[in-house]
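Colleague: The following block contains a protein sequence and its predicted model.
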Amino acid sequence: MRTRLPFRQFVLKVQSRCDLACDHCYVYEHADQSWRGKPITMAVETMAQVATRIGEHAKSQGIDRVHAVLHGGEPLLCGPERLSALIHALESGVRGICDLDLHIHTNGVLLDRRLCELFRAHDVKVGISLDGDRAANDRHRRYRDGRSSFDKVARAIELLRTGYPEIYSGLLCTIDVRNDPIAVYNALVSHDPPAIDLLLPHATWDDPPFRAGETDYADWLAAIFDKWLADGRPVPIRTFDSIISTSRGGPALTESLGLEPSDLLVVETDGTFEQADSIKIAFDGAPETGKDVFRHSIDQVAEHEGLAARQRGSDGLSATCRACPVLDSCGGGLFAHRYRTGSGFDNPSVFCADLKKLIEHVERRVSAPRHPVPRAALRSIAAGQGTVAALTVLQRGQRSIRRALIASVRGQAGPSPEWDLLCRIEPAIVDEVFAHPYNRLWAVDRLRDPDRRDDGRLAALACAAAARAGMSATLRVPVTDGAVFLPTVGRYEVPGASETTVEIRDGEITVERAAAVRRVRRLELGGHPLMIEDLDPLRDRHGRPAAGRLTDEQAGHWQAVFGAAWDIVADRCPEYLPTLTGVLSAVVPVVGEPAGSSARNAFGSIALALPPDPETLCVLLLREAQRIKLGGVLDMLDLFEPRASTVSVDTQRLLSDSYARLAVTDFRRRRSQGWSGIEAATDVKATLDSILASGSLTRLGRGFVEEMRRTLDAWSA
Ligand code: SF4
């Protein structure tokens, strides 16, 4: 017997009790009270049988990877020994049949090092429930006696973030519109989560959600969406990523939105199969299927009418939803939210007005021209080098991103004399100053942490742009670490001051009480000026310690080695010159072994410890320029599926390495007549094949990687 659609996601209830008493919980606080009759903890024998059923299903359906979540109640109440035994039972049951992507979803209060070690040993990813800042979290997430759980949860997240980042999978936040949305967003982002889920509270037409207005939830989420977009989407937020994906014809990324058929099954502590947990809010016994792991296969459970209904796409929806203009993105919302006594689930969501308004808002915001990249330009970049026209497209994209970010900082800070000054300067000149690589990094920092002290960079940018434009102006500028740094101009030492006056007269800069000035130096490389950035306080962000200011003699040596390297590239592989001139604008001297590195939010800058010979420098420059170029592409286009966020961190790194190696292999191939580069090319091809097989690429991403592969095939041939 073949199911309509294989089940790939399993929620495994390993514990039916909880140590908190959150009043918005669907397990204990809503219509279904079946938890009262369930065993407190899942037996290891039951888990072994669960694994057998999953293995059978994977085999019969040809599934090579299943996703399982250890859930509760509170799963950590099982304790480390029982959890270890349950994990072993699950792993051994599916070993050799399919891969297991194992997660645990916890309130975090019991999480400690011992448990983290266990989870790390078994690659169990940990998601934590947190509703925002202390005030937001304490509104619902309390102990039975009313005590706050916030400190323990925050401690657990910090333990994961700092000690076990490889198993920290993200935060799940249940929305309460009485909480300040921006405070909630800032609090969640401050924990550096790899992903955030914003979950609508559970409600039905019989038991509607709290609201003061008609579209409170849309307005609350739209406020966060706008901030998230202005911040440069610093972390995946599934609700938003899903709407963006579906509005561009991609898949839905969450069970609560879109028309993707449900492939999720729940197993209770006693081994009974149930439908999605959220249906518990509808009526007592709502999720039951009448089947269990001991007597029934998963193929048999799939025959259940409730599960089959959730695999019918738009045919399983109400007439109102089927006629809805945002149907593809919404899909009628979460199944449970459609329930009304009498008509069952044949209704739009109780959040219908919110969903429609939010989806339209997101679509409006993201359908604004988003840096289109012509197909020919993308192909030329994917082939390894990139034409001048293609690199111009990347530069335009970066300019637009920088402007948007800096404008958002200004929007956050409010009106100011420096912004007024910038508005009076010719935009092309402002862009030249904004193009300094660390401005984007600065803007992202400011947007992430709006409360941080003003370091005066916006005022410094205004001064630098006014000087470049030959204007006259006077501004008060904060002094940081005893100096004022004017990007693209230099550093003015103002010891002992907290603020100073910068006066610009016909382009000449005077800084009040400046004791010394260190000007930015530039390397001259065949007509291309490359800044030696040894002054910017933000240059220390490449994961390597920045060197101090170069002496004149050292700067002269850098010029000699760079000049020789530039000549080699121009002579041996001139096709890469547009890459070097198009993406490199600054080099940061760092200490340590001769090597280079780039940073995603500092487009145009490489940190480098200078190698002794120009040949090695060519390799370092090409390698990092390629990484920067690919970063520019990723800023503008989705090469990776947002739903593959856990895979894509590794896969993105592999792609970045392979793209860098493409240029380096080409360079070495041309240097040595006797070395064809076939071995290196074969190696890169194998990596590209694994990326293609990972399933984490979008259609565009696959095209990009296939084009890279074609280049390597041509060399091998
Ligand atoms: S917005 Fe409302 S009517 Fe439209 S699909 Fe969603 S729930 Fe149905």
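Modeller: Happy to help now that I have it.
Colleague: all contacts plus neighbour counts: C-alpha atoms, from now on.
Modeller: Fine.
Colleague: And the strands in the stretch 1-150 of the chain, which stretches?
Modeller: In the stretch 1-150 of the chain, the strands defined using DSSP state E, counting those that start in this stretch lie at 9-13, 65-71, 99-106, 125-129.
Colleague: now those strands in CSV, with mean neighbour count and mean pLDDT?
Modeller: Shown next, in CSV, are the strands of the stretch 1-150 of the chain (neighbours: other C-alpha atoms under 10 Å; pLDDT from 0 to 100):
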stretch, mean neighbour count, mean pLDDT
strand 9-13, 22, 93
strand 65-71, 20, 93
strand 99-106, 20, 94
strand 125-129, 24, 95
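Colleague: can you put the ones you listed in CSV and add distance to the ligand?
Modeller: Compiled in CSV, the strands of the stretch 1-150 of the chain are given as follows (distance: least, C-alpha to the nearest ligand atom, whole Å):
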stretch, distance to the ligand
strand 9-13, 24
strand 65-71, 27
strand 99-106, 27
strand 125-129, 26
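Colleague: Now distance to residue 55 too, for these, in TSV please.
Modeller: What follows is these, written out as TSV (distance: least, C-alpha to C-alpha, whole Å):
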stretch	distance to residue 55
strand 9-13	12
strand 65-71	9
strand 99-106	10
strand 125-129	21
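Colleague: Tell me which residues touch residue 617, please.
Modeller: Residue 617 sits next to 561, 562, 565, 610, 611 when contact means C-alpha atoms under 8 Å, 6 or more residues apart in numbering.
Colleague: how about 10 Å then?
Modeller: Residues near residue 617 by C-alpha atoms under 10 Å, 6 or more residues apart in numbering: 561-562, 564-566, 594-596, 608-611, 623.
Colleague: So which of these is surrounded by the most neighbours?
Modeller: Compared across the contacts of residue 617, residue 608 has the highest neighbour count, 26 neighbours, by other C-alpha atoms under 10 Å.
Colleague: ok, now how distant is that residue from the ligand?
Modeller: If you measure residue 608 against the ligand using C-alpha to the nearest ligand atom, to the nearest Å, the figure is 52 Å.
Colleague: Identify the residue spatially nearest to that residue, adjacent ones excluded.
Modeller: Once flanking residues are discounted, residue 608 sits nearest to residue 596: 4.4 Å by C-alpha to C-alpha, 6 or more residues apart in numbering.
Colleague: Please look at that neighbour and residue 609 and confirm they touch.
Modeller: Yes: Residue 596 lies in contact with residue 609 (C-alpha atoms under 10 Å); the separation is 6.7 Å.
Colleague: Now list whatever residues contact both of the two.
Modeller: 544, 587, 588, 589, 590, 617, 620.
Colleague: Any chance of those residues in a markdown table with secondary structure as columns?
Modeller: Formatted as a markdown table, those follow (DSSP: H, G, I helix; E, B strand; the rest coil):
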| residue | secondary structure |
| --- | --- |
| 544 | coil |
| 587 | strand |
| 588 | strand |
| 589 | strand |
| 590 | strand |
| 617 | helix |
| 620 | helix |
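Colleague: Max pairwise distance over those: which two?
Modeller: By the measure C-alpha to C-alpha, 544 and 617 form the most distant pair in the shared contacts of residue 596 and residue 609, at 17.5 Å.
Colleague: which residues touch the helix or strand bottoming out on mean pLDDT in the chain?
Modeller: The helix or strand of the chain with the poorest confidence is helix 305-309; it has a mean of 72 (mean pLDDT, DSSP states H and E). Contacts to helix 305-309, defined as C-alpha under 10 Å, 6+ apart, come from residues 3-5, 261-265, 274-276, 286-289, 301-303, 315-317, 335, 345.
Colleague: Quick check: the closest residue to the ligand within the stretch 351-500 of the chain vs residue 321, distance?
Modeller: Nearest residue of the stretch 351-500 of the chain to the ligand, counting by C-alpha to the nearest ligand atom: residue 352, 3.6 Å away. Going from residue 352 to residue 321 by C-alpha to C-alpha, to the nearest Å gives 9 Å.
Colleague: between these two, what contacts are shared?
Modeller: 330, 332, 333.
Colleague: who does the closest residue to residue 483 other than its chain neighbours bridge with?
Modeller: Nearest residue to residue 483, sequence neighbours excluded (C-alpha to C-alpha, 6+ apart): residue 493, at 4.3 Å. Assessed by DSSP bridges, residue 493 has beta-bridge partners residue 483, residue 516.
Colleague: Let me see the domain layout of this structure.
Modeller: 1-106+262-311, 415-518, 638-717 (automatic domain parsing).
Colleague: pLDDT averaged over the last one - what is it?
Modeller: The one in question is domain 638-717. Regarding domain 638-717, the rounded mean pLDDT is 81.
Colleague: Can you give me the end-to-end span of it?
Modeller: End-to-end for domain 638-717, by C-alpha to C-alpha: 31 Å.
Colleague: just stretch 204-213 next, same as before
Modeller: 17 Å.
Colleague: mind listing what's buried in it?
Modeller: 204, 205, 207, 209 (16 or more other C-alpha atoms under 10 Å).
Colleague: Pull the most distant pair out of these.
Modeller: The widest separation within the buried residues of stretch 204-213 (C-alpha to C-alpha) is 8.7 Å, between 205 and 209.
Colleague: what do these two both touch?
Modeller: 337, 350, 351.
Colleague: On the pLDDT front, check the second one for me.
Modeller: In other words, residue 350. Reported pLDDT for residue 350: 94.
Colleague: Look up how far the ligand lies from it.
Modeller: With C-alpha to the nearest ligand atom as the criterion, residue 350 and the ligand are 7 Å apart.
Colleague: For the stretch 151-300 of the chain, which residues are neighbours of the ligand?
Modeller: Within the stretch 151-300 of the chain, no position is adjacent to the ligand by C-alpha under 6 Å from any ligand atom.
Colleague: which regions of the stretch 151-300 of the chain sit below the pLDDT cut-off?
Modeller: The model of the stretch 151-300 of the chain has pLDDT under 70 over residues 247-251, 278, 280-285.
Colleague: show me where it has helices.
Modeller: 181-189, 216-230, 238-247, 298-301 (DSSP state H, counting those that start in this stretch).
Colleague: export the third one as CSV, just CAs?
Modeller: Written as CSV, here are the backbone C-alpha positions of helix 238-247 (Å, rounded to 0.1, in the frame of the first residue of the first chain):
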residue,chain,number,x,y,z
ARG,A,238,10.5,31.3,9.0
THR,A,239,7.2,33.1,8.7
PHE,A,240,8.8,35.9,6.6
ASP,A,241,11.1,33.6,4.6
SER,A,242,8.1,31.4,3.8
ILE,A,243,6.0,34.3,2.5
ILE,A,244,8.9,35.7,0.5
SER,A,245,9.6,32.2,-0.9
THR,A,246,6.0,31.5,-1.9
SER,A,247,5.5,35.0,-3.4
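Colleague: Tell me the helices and strands packed up against that helix.
Modeller: Secondary-structure packing of helix 238-247 (3 or more C-alpha pairs under 10 Å, 6 or more residues apart in numbering; DSSP states H and E): strand 196-199, helix 216-230, helix 327-330, helix 352-366.
Colleague: Run the chain-centre distance for it.
Modeller: Helix 238-247 sits 13 Å away from the centroid of its parent chain (C-alpha atoms, centre = their mean, to the nearest Å).
Colleague: what's the angle between it and helix 216-230?
Modeller: With axes from the mean of the first three to the mean of the last three C-alpha atoms, to 10 degrees applied, the angle from helix 238-247 to helix 216-230 works out at 80 degrees.
Colleague: And the strands in the stretch 351-500 of the chain?
Modeller: Counting by DSSP E, counting those that start in this stretch, the strands of the stretch 351-500 of the chain are 473-478, 483-486, 490-493, 499-505.
Colleague: In a markdown table: those, plus mean neighbour count, mean pLDDT and distance to residue 702.
Modeller: Compiled in a markdown table, those are given as follows (neighbours: other C-alpha atoms under 10 Å; pLDDT from 0 to 100; distance: least, C-alpha to C-alpha, whole Å):
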| stretch | mean neighbour count | mean pLDDT | distance to residue 702 |
| --- | --- | --- | --- |
| strand 473-478 | 19 | 94 | 48 |
| strand 483-486 | 26 | 96 | 42 |
| strand 490-493 | 21 | 96 | 44 |
| strand 499-505 | 18 | 95 | 51 |
